[in-house]
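**Q** the following comprises the amino acid sequence and a computationally predicted model.
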There are 2 protein chains.
Amino acid sequence: METLNVELGDRRYPIHIGPGEAAHPERLAPELSGRRVAVVTNRTVAPLHGEALRASLAGAGIRGEPLWIELPDGESHKTLATVEQILTRLLEARLDRGSRIVALGGGVVGDIAGFAAAIYQRGIDFVQVPTTLLAQVDSSVGGKTGVNHPLGKNMIGAFHQPRAVVIDTNSLNTLPTRELRAGLAEVIKYGLMKDAEFFAWLEENIDRLLALEPEALIHAIRRSCACKAEVVAADERESGRRALLNLGHTFGHAIETGMGYGAWLHGEAVGTGMAMAARMSARMGWLAPADAERAEALIRRAGLETRAPAELDAARFRELMGIDKKVSDGRLRLVLLRGLGNAELTADFDDDALQHTLDETARAA
Amino acid sequence: METLNVELGDRRYPIHIGPGEAAHPERLAPELSGRRVAVVTNRTVAPLHGEALRASLAGAGIRGEPLWIELPDGESHKTLATVEQILTRLLEARLDRGSRIVALGGGVVGDIAGFAAAIYQRGIDFVQVPTTLLAQVDSSVGGKTGVNHPLGKNMIGAFHQPRAVVIDTNSLNTLPTRELRAGLAEVIKYGLMKDAEFFAWLEENIDRLLALEPEALIHAIRRSCACKAEVVAADERESGRRALLNLGHTFGHAIETGMGYGAWLHGEAVGTGMAMAARMSARMGWLAPADAERAEALIRRAGLETRAPAELDAARFRELMGIDKKVSDGRLRLVLLRGLGNAELTADFDDDALQHTLDETARAA
């Protein structure tokens, strides 16, 4: 087991990482002992990991039975309506400001549950138990919570830091391979954006990660969370450096929205988006072509697409990028690569390079 | 004109107070110049103060026309559904993270608009132009935003500080007398809870305030905001001292909920709640009977009721108090008075004194 502390001033919190972590009541007791607890999870995760968490909560000495809230699975339920249903359940059960929410599930559950915690009685504390690799390396750090709006992903939300994060690497044993691969996209992202050494480690160890070797997983998750924590601690609100975490995301969000929420997994879209950013960077002369190829190769070895879907032509893709949150004062900004491990946010990019990258779709490749 | 600075670390912001303030573009320019702006107001306030604000925004050099969002008037519209409609308008107009919201109206408009700002794209900045006395002395400081839920007032919300507050005392000239009186309840609250000298000043000057004398208004608003700012700066989240601001509110919320939202104005209910707290404190021997009478007399001179409505019997009243946010771990806490200017939060109160106070309704008086 390893513990990483995320330093955010008076809001320091621990991330515990290891096999069987969620089954250890001593991880939860410091945060939940003597308190009323609502567990927010979904119908896919609950049968797999619900009983272990229930036992762990009982062992941690929470007050009474946990209020158990099971959402339907899927990004399509990541809406304000779902959050309102959760708030109603919390109020019906008379949970007060000292009560806590535990989010058991992937990124969608974490985003919804965290946002419900952020706005219930103007904010109560919550603990994350992320069960997908994507959620473990992405949602664990940064405090982003929120839901989608028909006009855009994550357009409604709040920054709300968890009290603690408990990452049980055993939960990845039941994760569909497709979701594991999507999670690896975000892991690769940290290497690409700021840690060339980690990128090289991933080139060596990607097959161990795909085989779910615990030691490799702990290393990759810890390093990913540490990378993100460094960026977030320096820039808690998304303004400067934090925007670098969006490497691949402007392209990725466009793909997710354009293909319909849920058709592509978030990580799949980010993987493709990063490959697009790498190629575009190479076209602009920012990145050596050989390094762009290394980036693409690693993304491909993780089992991810590297070209935009043929269904989205360049005009539609541009339109989809227009409403992205990273548009500042109406001007599009992109995260591109100056080198492996060296991402940069810029509004000063070559539009031809963008156009070529958008034209180069999966079918045309 | 007077300016009071609310000190909240890196989130210091000014409150400008004076006649005609909202008509001065130079108050708004520092916050809004060059930015896109959405104005959230309601159908009652817009015809009275909308044109002056529009001119002021144009003079302040905002980017393009303001997006104008007029809500129906009234607490019944303070819902998550209304917030969602605002968010949709903001997204349709493609307002980005650098855009700002201006809240023009009373407390309901400020709470809704502030909450929309808090959760739009995980938080954008906003400026308050409160047009009621209650909003000027209450919502201007503290960063509380949010909406109601059928199971309780203000149960959904966030802490979100404004960039600036512009208080135009001229806006009180068009305020219905009933609302002026409701606002005076909160002004009296600051005297009762922590400022005996201000309480004595109010005894001397209550008639000047009811006559809308500008100098008296500026003094009362400034002192009220300063009182609240002191408490909030020491305790930004509601945990310890900040709970004292809820003097009269536990009783008041029960009245508001029990009588149906909107039947009693918030300030009216708080006025009555404070009188109840004063009498209960006297019954417990905390407050001299003569001081309880001074408190009641000032509340009465402000034109407010001092007894609970006869429609709510004690059992119903207790039930209504049970779901209040100030219930910590299921135990009711009340703000009572140890003296004029000396409020105290306690769970250790005399239940008989509570029962007597609840039994002593307006009709029985």
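**A** Happy to help now that I have it.
**Q** for chain A, longest strand please?
**A** strand A:152-159 (DSSP state E).
**Q** after the host helix or strand of residue A:316, which helix or strand is next?
**A** Using DSSP states H and E, the element containing residue A:316 is helix A:314-322. Note on helix A:314-322: by DSSP H and E, the next helix or strand toward the C-terminus is strand A:334-339.
**Q** give the buried residues for that following strand.
**A** A:334-337 (16 or more other Cβ atoms under 10 Å in any protein chain shown). Heads up, the C-betas are built off the backbone N, CA and C, glycines and all.
**Q** elements contacting it?
**A** Applying 3 or more Cβ pairs under 8 Å, 6 or more residues apart in numbering or on different chains; DSSP states H and E, one finds that strand A:334-339 contacts helix A:249-258, helix A:266-283, helix A:289-301, strand A:342-346.
**Q** export those to TSV and tack on mean neighbour count?
**A** Formatted as TSV, these follow (neighbours: other Cβ atoms under 10 Å in any protein chain shown):
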stretch	mean neighbour count
helix A:249-258	24
helix A:266-283	27
helix A:289-301	18
strand A:342-346	18
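**Q** which one, of the ones you listed, ends up nearest to residue A:136?
**A** Among the helices and strands packed on strand A:334-339, the nearest to residue A:136 by Cβ to Cβ is helix A:266-283 (11.5 Å).
**Q** what sits against the most centrally placed residue in chain A?
**A** What sits nearest the mean C-alpha location of chain A, by Cα atoms, centre = their mean, is residue A:138, with 3.3 Å. Residues in contact with residue A:138, defined by Cβ atoms under 8 Å, 6 or more residues apart in numbering or on different chains, are A:107, A:186, A:228.
**Q** show the pLDDT at it.
**A** For residue A:138, the model assigns a pLDDT of 88.
**Q** try the one 4 residues further on
**A** In this prediction, residue A:142 carries a pLDDT score of 86.
**Q** that one - how many residues pack around it?
**A** For residue A:142, the neighbour count with other Cβ atoms under 10 Å in any protein chain shown is 20.
**Q** got the contact list for stretch A:191-203?
**A** A:187-188, A:190, A:209, A:219-220, A:223, A:227, A:230-231, A:244-245, A:247, A:274, A:278, A:294-295, A:298, A:335, A:337, A:339-343.
**Q** okay, the contacts of residue A:138 in a markdown table with neighbour count next?
**A** Putting the contacts of residue A:138 into a markdown table (neighbours: other Cβ under 10 Å) gives the following:
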| residue | neighbour count |
| --- | --- |
| A:107 | 27 |
| A:186 | 27 |
| A:228 | 24 |
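**Q** looking at the helices and strands packed on strand A:334-339, which is nearest to residue A:39?
**A** helix A:266-283 (23.1 Å).
**Q** give the rounded mean pLDDT of the closest one.
**A** On average, helix A:266-283 scores 96.
**Q** give the contact list for residue A:178.
**A** A:265, A:268, A:303.
**Q** in contact with the first one, which residues?
**A** With contact set as Cβ under 8 Å, 6+ apart, residue A:265 has these partners: A:134, A:178-179, A:182.
**Q** same question for the second one.
**A** Taking Cβ under 8 Å, 6+ apart, we find residue A:268 in contact with A:178, A:181-182, A:185, A:304-305.
**Q** what about the residues you listed, which are in strands?
**A** Going by DSSP E, the strands hold none of these.
**Q** which of those residues are buried?
**A** For these, buried by 16+ other Cβ under 10 Å: A:181-182, A:185, A:304-305.
**Q** residues contacting residue A:14?
**A** Residue A:14 neighbours (Cβ under 8 Å, 6+ apart): A:3-6, A:164-165.
**Q** same thing with residue A:6?
**A** A:12-15, A:141, A:161, A:225, A:229, A:232-233.
**Q** what about 6 Å?
**A** Applying Cβ atoms under 6 Å, 6 or more residues apart in numbering or on different chains, we find residue A:6 in contact with A:13, A:141, A:229.
**Q** for chain A, which spans come out with low pLDDT?
**A** A:9-10, A:235-239, A:323-330, A:363-365 (pLDDT under 70).
**Q** can you find which helix in it contains the most residues?
**A** helix A:214-234 (DSSP state H).
**Q** could you dump the buried ones among the contacts of residue A:268 to CSV with distance to chain B?
**A** Shown next, in CSV, are the buried ones among the contacts of residue A:268 (distance: Cβ to the nearest Cβ, whole Å):
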residue, distance to chain B
A:181, 28
A:182, 23
A:185, 22
A:304, 27
A:305, 28
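**Q** now, these that are in helices?
**A** Those of the buried ones among the contacts of residue A:268 lying in helices (DSSP H): A:181-182, A:185.
**Q** packing partners for the helix or strand residue A:26 falls within?
**A** Element membership of residue A:26, judged by DSSP H and E, is helix A:25-32. Here helix A:25-32 touches helix A:51-59, going by 3 or more Cβ pairs under 6 Å, 6 or more residues apart in numbering or on different chains; DSSP states H and E.
**Q** buried residues, the helix it packs on. List them.
**A** A:52-54, A:56-57.
**Q** over to stretch A:350-365?
**A** Quick answer for stretch A:350-365 (16+ other Cβ under 10 Å): A:353-354, A:357-358, A:360-361.
**Q** list of residues touching it?
**A** A:276, A:279-280, A:283-284, A:307-310, A:314, A:317.
**Q** got the angle between the helix or strand that contains residue A:3 and helix A:214-234?
**A** According to DSSP H and E, residue A:3 maps onto strand A:2-6. Compare the direction of strand A:2-6 with that of helix A:214-234 by axes from the mean of the first three to the mean of the last three Cα atoms, to 10 degrees and you get 10 degrees.
**Q** up against chain B, what does the stretch 101-250 of chain A have?
**A** Within the stretch 101-250 of chain A, the positions lying close to chain B (Cβ under 6 Å from any Cβ of the partner chain) are A:119, A:121-122, A:151, A:155-159.
**Q** between those residues, which is nearest residue B:64?
**A** For those, with residue B:64 as the reference and Cβ to Cβ as the criterion, the closest is residue A:151, at 19.4 Å.
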